[in-house]
Structures are given as structure tokens and as C-alpha cells.
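Q: Sequence below, structure please.
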Amino acid sequence: MDRTHSCPGYRASAVAAAIRKAGRPDLGMIVSDRPAAVAGVFTTNQVKAAPVLLDMERIPSGICRAVVANSGNANCCTGPAGMRDARTMTRLVADDLGLDDNQVLVASTGVIGEPMPMERVQAAVRPLVRALHPEGFADFARAIMTTDTEPKAVTRSAPAGGGRFTLTAVAKGAGMICPNMATMLCFVCSDIEATAAMLAPMLRQAVDGSFNRITVDGDMSTNDTVLLLANGASGLSVEDGNVREVFQRTLDEVLLALARSLVRDGEGANKVVEVVVRGAGDTVSARRIADTVANSPLVKTAFFGEDANWGRILAAAGRAGVAFSPERVDVFFDDVQMVKAGAGCGAGAEQEATDVIRQPEFTVVLDLNAGRSAASVLTCDFSLDYVRINADYRS
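A: Presented below is the predicted three-dimensional model:
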């Protein structure tokens, strides 16, 4: 990964704290050199990790100066001790940086149900602070990886309002990825000027168009967190309508790029597939069918086997709880029509579709021919490696 990821007014770092395994970076930090407005989106899972609960408690203040994040331990289902540990992590960082504890947020990812090794965290905080660097985002991205095979970071700079702003975003996620919030950890740093109230709807729009339309395995994490910080270092404000429009578009693009990288790096994944449902009576129905097809183990294993098994796709659509007429449905693999009016198009079409499905990325389209609404979801295949990775995740 390019080590030049940076954003004016921010520093980042990472160290190996042996939180779960020795010898790999597993504790990271991002610091804004000035108070930054902050907005957050969190998991909707009823089982929420201690860091999520603490961040949800602090986010309403609207100000953040630092984020500390670890991999290897989710600090979830750890009771009152877990909340104390999450608070202690932020206090240790705040004390070393000379900040208000309430302006430090925390995120964790890893194994559920195990106590956080706080003595190791405490020993690592001073080296973590000393390692802070404007180009430390690449190190931070590695520190938050779990089953990810590669770090994920995107930087965009765009002109607006007579100046230029920058966005640098870092994410992790490869498993427990299912739309219904954010489905991983993501930290977005920007030098735009904005209030927390301005950032919140912008972040929600960007998340809805990206992380809320991806799935790897249909499982939602207990630790999902997306944070958007804005420290105003660029001098450009989203109160300017032109700046706001360009910033929103750039934020949407950055999060969508990260969302695709999460699916591409899905545990054991070989293929990225966009499932598009169009011709539906309403968007909710289109999305429900798209979700059902995208999460179907039979559909996903067919993708892995490079088997253009359109019957599985129709069967999944049929159990989505949405009324439609099967005899009106068309199915396409990219631009190859496999099904017309509910019936297969023959061996020739199947061979062409097989050529499509052999590609690393392709699109499956279901046209219900019943309306004008559409929805899409990004998914991946299910491989043997997915089972291997998750069968022995804790060991």
C-alpha cells in the first residue's frame, strides 16, 4: 500500500502490543492537531462491544481529538470490566497527549468474549504516541487488520470554493460483513470545516451508498464503527454550497472505493459480484430481493464454482418475501441474457454466461419487469478458504 496517505492536521501511528499475537502491529492511533468535529455510524446489532457503547456515549459532544484502535480482541461481551477497559484505553491516550479524555474515541476488532490485556495496552501507549507521524496512516491500516489480506486506505484531494480539501480514509473488514450500518471499522479524516450536525447526514448518505450495500457472509459484527472527522485545516467550509456538494461527492466516492475493497478482500473471496434488481414496484422490494440473492450460500458457491446456475438465483429471489411474477423475470450476467420471461435461453447463452462468470468481477441483473425501481448489492463468492478461515479463527 502507498505509504503517502496523509491529511493536513492529522498524524497516525501503530505499534505491536501483542494483544493477541506477538510480532505484528495491533494497536493504532489517529490524532488531530486541532479539535475536529466528528460524526459516527455504529452497528445496529443488539450485541454491541464496549468501545461502540463508549463512542455512542461520547459522539453527541461533537468533538474528537484522537482515536485509538486495536485488533486481536473485540472487547465485546466482557461485561463491566470491558467498559472499564475501553475507558482506560482512552484515558491512557488522553493523559499522554494532554487531551480531554471525553475527546478520545476507541474501536476494537477481533475475538469476542476475551478480556483485553490492559497491561500490554498500557505499556504500548507511550511508544504509540512517540510514533505519531503525518504519513502514519499506512501503519495504522495494518494495525487494525484481522483476517484482511491487505491494508485498505484511500486518499482523495479535490478543488472547491477556490481552495482544496483532502480526505484520507482507512478501513478494515473481510468477514462478518453484512449490510445494516457499516459492517467493519472505518476512520475518515478530512481537513474540511464543518459542525458535527453538518457531518452526520453527509456520513449517513455516504454509508448508505457504500457500506450498507455490501455483503460477504451475511453476518453483522458487534463492533462496526465508522467515524468522520473534520478539523478545518483547509479553511474550506461545507456551509459553502459548492464546497458541500464537492465534499459529499468525494466522501461518497471514497467510501464506495473502500466498500469494494472490503468485498474484494472478503474471507476466501475470488470474485466481486454486483447483484442488481431492477423493474421492481418499489425500492424496498428491489433491495430485499437483491439482499436475498447476494447472501444465498447456494448462489455464492455457484459463483465460486464458476457455474452460471440461474435457477439458484431465481429460487433465492422467490423466497425474499416479495410478490412478483416469475414468468416476467429476465436474468442477465453482464450483458448476456440467461433468462427471458422466466425461462432459460439455452445452452449457447449458458456458455456465454459461463465466460462472464469466470471473470474476477461481473454483474448479475434480475429484471422483474414490474415497475421502475431498482437496488443493488455488492457480494462475493463462498470458497473453501472461507470455511477454513472461520473454522479455526480463535486458534
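
Q: How about the contacts made by A233?
A: 8-9, 33-34, 191 (CB atoms under 8 Å, 6 or more residues apart in numbering). (Glycine included, C-beta is placed from N, CA and C.)

Q: Drop anything exposed from these.
A: Burial of these was assessed by neighbour count (16 or more other CB atoms under 10 Å); the buried members are 8-9, 191.

Q: if we can go back for a sec, now the contacts of A233 in JSON lines, please, with extra columns for secondary structure and pLDDT.
A: As requested, the contacts of A233 are arranged in JSON lines below (DSSP: H, G, I helix; E, B strand; the rest coil; pLDDT from 0 to 100):
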{"residue": "P8", "secondary structure": "coil", "pLDDT": "97"}
{"residue": "G9", "secondary structure": "coil", "pLDDT": "97"}
{"residue": "D33", "secondary structure": "strand", "pLDDT": "97"}
{"residue": "R34", "secondary structure": "strand", "pLDDT": "96"}
{"residue": "D191", "secondary structure": "coil", "pLDDT": "98"}
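
Q: Among the residues you listed, which one lies nearest to L128?
A: D33 (16.3 Å; CB to CB).

Q: Skip the chain neighbours and tell me the closest residue to the closest one.
A: G9 (4.9 Å; CB to CB, 6 or more residues apart in numbering).

Q: gap between the one you found and T195?
A: 17 Å (CB to CB, to the nearest Å).

Q: Counting by contacts, list what the lengthiest helix in the chain packs against.
A: Ordering each helix of the chain by length in residues (DSSP state H) puts helix 241-264 first. Applying 3 or more CB pairs under 8 Å, 6 or more residues apart in numbering; DSSP states H and E, one finds that helix 241-264 contacts strand 152-160, strand 163-172, strand 185-190, helix 196-208, strand 272-280, strand 373-380.

Q: What is the last one packed up against?
A: Counting by 3+ CB pairs under 8 Å, 6+ apart, the packing neighbours recorded for strand 373-380 are helix 241-264, strand 272-280, helix 283-295, helix 297-304.

Q: try the fifth one
A: Using 3+ CB pairs under 8 Å, 6+ apart as the contact criterion, the elements in contact with strand 272-280 are helix 241-264, helix 283-295, strand 361-367, strand 373-380.

Q: can you check the longest one too?
A: Contact here means 3+ CB pairs under 8 Å, 6+ apart; on that basis helix 196-208 packs against strand 27-42, strand 225-230, helix 241-264.

Q: Buried deepest among the ones you listed, which one?
A: strand 225-230 (a mean of 29; mean count of other CB atoms under 10 Å).

Q: For that strand, which strands pair with it and how are they oriented?
A: strand 27-42 (antiparallel), strand 185-190 (parallel) (DSSP bridges).

Q: Send me the last one as PDB with only the CA atoms.
A: In this case it means strand 185-190. Listed next in PDB are the C-alpha coordinates belonging to strand 185-190 (Å, rounded to 0.1, in the frame of the first residue of the first chain):
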ATOM      1  CA  LEU A 185     -14.200  -0.300  11.100                       C
ATOM      2  CA  CYS A 186     -13.600   2.800   9.000                       C
ATOM      3  CA  PHE A 187     -12.000   6.100  10.000                       C
ATOM      4  CA  VAL A 188     -12.300   9.100   7.700                       C
ATOM      5  CA  CYS A 189     -10.100  12.200   8.300                       C
ATOM      6  CA  SER A 190     -10.800  15.400   6.500                       C
END
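
Q: which residues sit against that strand?
A: 7, 10, 30, 32, 36, 67, 69, 107, 109, 137, 140, 144, 165-173, 203, 211, 223-231, 247, 251, 254-255, 258.

Q: Just give me the neighbour total for Q46.
A: Number of residues near Q46 (other CB atoms under 10 Å) recorded here: 6.

Q: secondary structure class for it?
A: Using DSSP: H, G, I helix; E, B strand; the rest coil, the structure places Q46 in coil.

Q: Against L27, how distant is P127?
A: 9 Å.

Q: Could you list the low-pLDDT ranges of the chain?
A: 1-3, 174-183, 216-220, 266-268, 384-395 (pLDDT under 70).

Q: care to break it down by domain?
A: 10-262, 272-391 (automatic domain parsing).
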